[in-house]
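In: What would the 3D arrangement of this be:
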Amino acid sequence: MLHLAGGVALLTWGLHMVESGLMRAFGASLKRFMAKSLGNRFNAFFAGLAITGALQSSTATGMIASSFAARGLMRPVTGLAVMLGANVGSTLIVQAFALDLSWISPVCLLVGMWLFERGKGSRNRDIGRASIGLGLMLLALTILVSTVQPAETAPALRTVLGALAGEPMLNAALACLLTWAAHSSIPIVLFVMSMASLHTVSMSTAVAMVLGANVGSALNPYFEAAKGNDKSRRRLPAGNLLLRGGVCVLLIAACDPLARLLGNISADPGRVIADFHTGLNIVIALIFIGVLDPVARLLERMLPALQLPEDANAPRYLDESALPIPSHALSCAAREVGHMGEIVEVMLRDSMPVLLANDRRALSDIASRDDAVDMLHDAIKYYVTEITREPLEDEDRQWASSIMTAVINLEHIGDIIDKNLLETARKKIKAQLSFSAEGAEELRALHHAVIDSFHRVQALLVSRRPQIAAQVIADKHAIRDLERAARERHLERLRNGLPDSVASSSLHLDVLRDLVRIQSHICALAYPLLEERVAAEAHN
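Out: So this is what the prediction gives:
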């Protein structure tokens, strides 16, 4: 039993490596392929089949389809067709492994190891991971077969299997539980095939276990989707469980007639079980692919979408009804820029405590806000683009241009905080470094100066007063002087062997540089207003 459990564990781990390797290497491409294949249910069926063949996992395909459906990118009918295709795809993997492919195992391991070691930082590394996983799966099959072969002479195992021989429901439940635990029907069906080939179990018992494995395979995506509060994510897995699991549960009562029928097809029980597993899922797909519409409607009623509260970071002021009146629409866009600025201000304000206190939890909170900044950046840019599709007055055109400038620079500030300041914090936390008291105080002073300048530019976005714009530009020179003085004092402390750590020196200088970069983008928000003032004075 220990060797059997180890073989199943190795097979499952190999499957995980194949799935993760291919998802890392081609995950985006697979998702684009799926998105392009959503035209009708038949294309979706073959897309699900192909992606499952690539990922070696119907559970992974089901989770991709569920995420697409939850985001409104896939109709429920199309998603159910993808699930039917994924079920058939997983059986084709069993068909491939039913062949004598043991000689391929060392080849996959050698090629995979070479790609993994040589491909650091590239897609080849992930392809190597998948190749190693495939080699481990084939090696695990060899272990399983060699372990099961002596089963005929093991009295205890034969006694247990003999006791279950007349209990198809118990056999199916056992296989269902094992499949759920392994998160894949592939190792369980292959294990059943091995036992059937060695006549360790009867054909009736093997049929019941294959039916149970299919039910267990349908349970996995459902339990994965059930982890969240959004019931709509469970629709596709629930539909698959209803169709695939329902048919298999009904067929458990007919295990004996099915076993007699299958026994007349071929003398090789293992091949018969593999063909039955494939044929079962093909028949289920043929029966239900034409009647998915009522199933989809039933699932929508049973599992309604979660009514989420309003996202505090979502666009608030981009009123579509204001678009016909450019001045009103631009006012809406300007208010949304203010909202975007508030989020960036929180990121900027909280970034320095994270850097100085090595607060890992606060770091992730700030990083999540950058997603909101990116979302607002795209929403405002699209909204202003819609406004400018029609000819505008000169004043409105300049206003639209200044709004776009503000959006772009705010997004750049968010990126500097997320990709530079927070990355510096991660390095500092990982290396367990700290700044000296003098260095920390210099960083705080420069950070406060940048925040003060950012507050002024926020007031500028509302009032559009040239005097505030001139103050923001003056801040640039003052902050550069602060940065230069802080850098010189830091280097002086290093030369004198004072507390500043050499290891944290580069991080200290990186923070000074990034704060100055943020100030440059703050100034870029003020330049358009000064240019408008100069142009107006020249016109007068």
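
In: roughly how far apart are Ala362 and Ala437?
Out: According to C-beta to C-beta, to the nearest Å, Ala362 stands 21 Å off from Ala437. Where C-beta positions appear, they are placed from N, C-alpha and C, glycine not excepted.

In: the more surrounded of these two?
Out: Ranked by neighbour count (other C-beta atoms under 10 Å), Ala362 and Ala437 place Ala362 first, with 16 against 10.

In: from memory the more buried one sits against Leu356, does it?
Out: No - counting by C-beta atoms under 8 Å, Ala362 does not reach Leu356; the two are 11.1 Å apart.

In: how far is stretch 345-362 from where the chain is centred?
Out: 26 Å (C-alpha atoms, centre = their mean, to the nearest Å).

In: For that stretch, what does the pLDDT average out to?
Out: Across stretch 345-362, the average pLDDT comes to 84.

In: which residues of the stretch 151-300 of the chain score low on pLDDT?
Out: 151-158, 160-162, 164, 182-183, 224-232 (pLDDT under 70).

In: Count the residues that sit near the closest residue to Cys108 other than its chain neighbours.
Out: Spatially, and ignoring its direct neighbours in sequence, Cys108 is nearest to Gly135 (3.3 Å; C-beta to C-beta, 6 or more residues apart in numbering). Look at Gly135: counted by other C-beta under 10 Å, it has 23 neighbours.

In: which residues sit in contact with Ile143?
Out: Applying C-beta atoms under 8 Å, 6 or more residues apart in numbering to Ile143 gives the contacts His3, Gly6, Gly7, Leu10.

In: so the last one is in which element?
Out: In this assignment (DSSP states H and E), Leu10 forms part of helix 2-36.

In: biggest separation within the contacts of Ile143, which pair?
Out: Maximum pairwise distance among those (C-beta to C-beta): 10.5 Å, between His3 and Leu10.

In: Could you check which of these two is surrounded by more residues?
Out: The neighbour comparison of His3 against Leu10 (other C-beta under 10 Å) goes to Leu10, with 18 against 12.

In: In contact with the more buried one, which residues?
Out: Leu136, Met137, Leu139, Ala140, Ile143.

In: Ok, Ser131 next?
Out: Gly21, Cys108, Leu109, Val111, Gly112, Leu115.

In: Am I right that the last one is in contact with Arg123?
Out: No - shown here, Leu115 and Arg123 do not form a contact pair, counting by C-beta under 8 Å, at 9.5 Å.

In: which of those two has more neighbours?
Out: Leu115 (21 against 13).

In: What pLDDT is listed against the nearest residue to that one once chain neighbours are set aside?
Out: Leaving aside its sequence neighbours, Leu115 sits nearest to Gly128 (C-beta to C-beta, 6+ apart; 3.0 Å). For Gly128, the model assigns a pLDDT of 89.

In: what's the distance between Phe265 and Gln95?
Out: One correction, residue 265 is Ile, not Phe. The value you get for Ile265 to Gln95, if C-beta to C-beta is used, is 15 Å.

In: Walking through the stretch 201-350 of the chain, point out its helices one by one.
Out: 203-225, 235-240, 246-252, 255-263, 269-288, 292-302, 326-357 (DSSP state H, counting those that start in this stretch).

In: buried stuff in the fourth one?
Out: Neighbour-count burial for helix 255-263, counted by 16 or more other C-beta atoms under 10 Å, picks out Cys255, Leu258, Ala259, Leu262.

In: now do the fifth one
Out: Within helix 269-288, the residues scored as buried using 16+ other C-beta under 10 Å are 269-278, 280-281, 284-285, 288.

In: Export only the CA atoms of it, formatted as CSV.
Out: What follows is helix 269-288 as a C-alpha-only set of coordinates in CSV (Å, rounded to 0.1, in the frame of the first residue of the first chain):
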residue,chain,number,x,y,z
PRO,A,269,-9.3,-5.7,-19.8
GLY,A,270,-7.0,-2.7,-19.5
ARG,A,271,-7.7,-1.5,-23.1
VAL,A,272,-11.4,-2.1,-22.6
ILE,A,273,-11.5,0.1,-19.5
ALA,A,274,-9.6,2.9,-21.3
ASP,A,275,-12.0,2.7,-24.2
PHE,A,276,-15.0,2.7,-21.9
HIS,A,277,-13.7,5.8,-20.1
THR,A,278,-13.3,7.6,-23.4
GLY,A,279,-16.6,6.4,-24.9
LEU,A,280,-18.5,7.3,-21.8
ASN,A,281,-17.5,11.0,-22.0
ILE,A,282,-18.0,11.1,-25.7
VAL,A,283,-21.5,9.8,-25.3
ILE,A,284,-22.2,12.3,-22.5
ALA,A,285,-21.0,15.1,-24.8
LEU,A,286,-23.1,13.9,-27.8
ILE,A,287,-26.2,13.7,-25.6
PHE,A,288,-26.0,17.1,-23.9
